[in-house]
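Participant: Dropping the sequence and predicted coords here.
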Amino acid sequence: MGELILVDKPYGWSSFTVVEWVKRHFRVRKAGHAGTLDPLATGLLLVATDEATREIPIYQGWSKEYYALVILGYRSLSDDAEYPPEKGADPRPLSLGERRDLLERFIGCILQRPPVFSAVKVKGQRAYMLARQGQLPLLFPRPVEIHDIEEVHYEAPYRWLLRIECGKGVYIRALARDIGEATGWGAYLGALRRTRIGTHLVSKALQPDGYLLQ
């Protein structure tokens, strides 16, 4: 048999740590996740067990919803808060019309260059492993689908909270970076939470904070 387990990934946990927690907590030998969340992100992670792991490619294709905090006027080597942000240009307040026009540029099928700190393979090695060795790999843009971007809150001129619906393979860190580049000021992803995968909601997910791996 097997089942699909919904987990609300805690801050600081890797997706691998969540899979190991599921194995121990549910006493299963085989488990795998359907879509990585970075350690600094929180939210919904789907973990399949036993025979359900065969369906992981299907789960990975489901649409996803995120809430992302974009910090304007700074840049980060990792495109998120893993590396200390460096000051970019001073941003100015954006009007509602300017913000709408900017976001519309990233809706639909777009070309997106993955972050250098990503799991994309370069000549058989993960890009993030090369990056941590000081070798910044050259990654090429690839097509991804962003279904919708909605402004949740804008705190001029630095903080911009967005709700994003997208397909498989979208890097929200890269989206934050590209929004910053489009303004000319720079930007990085300050915080990220995944709230939906397909029809599954994070409100229905298990919260493993109280369970520690030995």
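Facilitator: Cool, the structure landed.
Participant: drop to CA atoms for contacts and neighbour counts, all remaining ones
Facilitator: Will do.
Participant: Contact partners for the most centrally placed residue in the chain?
Facilitator: Geometric centre of the chain, nearest residue: Ile172, 4.7 Å, by C-alpha atoms, centre = their mean. Listed by C-alpha atoms under 8 Å, 6 or more residues apart in numbering, the contact partners of Ile172 are Ala68, Leu189.
Participant: Can you list the strands that the longest strand seen in the chain pairs with?
Facilitator: What stands out as the longest strand in the chain, according to DSSP state E, is strand 142-155. The strands beside strand 142-155 in its sheet (DSSP bridges) come out as strand 108-112 (antiparallel), strand 159-166 (antiparallel).
Participant: quick one: contacts of it?
Facilitator: Surrounding strand 142-155, the residues in contact under the criterion C-alpha under 8 Å, 6+ apart are 103-104, 106-113, 160-170.
Participant: which of those count as buried?
Facilitator: 106-107, 112-113, 160-167, 169-170 (16 or more other C-alpha atoms under 10 Å).
Participant: For those residues, give me a markdown table that also has pLDDT and distance to Pro85.
Facilitator: Converted to a markdown table, the buried ones among the contacts of strand 142-155 look like this (pLDDT from 0 to 100; distance: C-alpha to C-alpha, whole Å):
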| residue | pLDDT | distance to Pro85 |
| --- | --- | --- |
| Phe106 | 98 | 23 |
| Ile107 | 98 | 26 |
| Gln112 | 96 | 21 |
| Arg113 | 91 | 19 |
| Trp160 | 98 | 16 |
| Leu161 | 98 | 18 |
| Leu162 | 98 | 20 |
| Arg163 | 98 | 23 |
| Ile164 | 98 | 23 |
| Glu165 | 98 | 26 |
| Cys166 | 98 | 26 |
| Gly167 | 97 | 28 |
| Gly169 | 92 | 24 |
| Val170 | 96 | 22 |
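Participant: Compute the inter-axis angle for the helix or strand containing Arg100 and strand 159-166.
Facilitator: Element membership of Arg100, judged by DSSP states H and E, is helix 96-104. Interaxial angle, helix 96-104 versus strand 159-166 (axes from the mean of the first three to the mean of the last three C-alpha atoms, to 10 degrees): 40 degrees.
Participant: other SSEs contacting helix 96-104?
Facilitator: Helices and strands touching helix 96-104, by 3 or more C-alpha pairs under 8 Å, 6 or more residues apart in numbering; DSSP states H and E, are helix 172-183.
Participant: what angle sits between the helix it packs on and helix 96-104?
Facilitator: Using the same axes, to 10 degrees, the direction of helix 172-183 lies 130 degrees away from that of helix 96-104.
Participant: Which parts of the protein are helices?
Facilitator: Along the chain, the stretches classed as helices by DSSP state H are 15-26, 56-60, 96-104, 127-132, 172-183.
Participant: Can you tell me which of those helices is packed in deepest?
Facilitator: Sort the helices of the chain by mean neighbour count, taking mean count of other C-alpha atoms under 10 Å, and helix 172-183 sits at the top with a mean of 21.
Participant: one step back: show the average pLDDT along the helix holding Arg100.
Facilitator: Over the span of helix 96-104, the pLDDT mean works out to 98.
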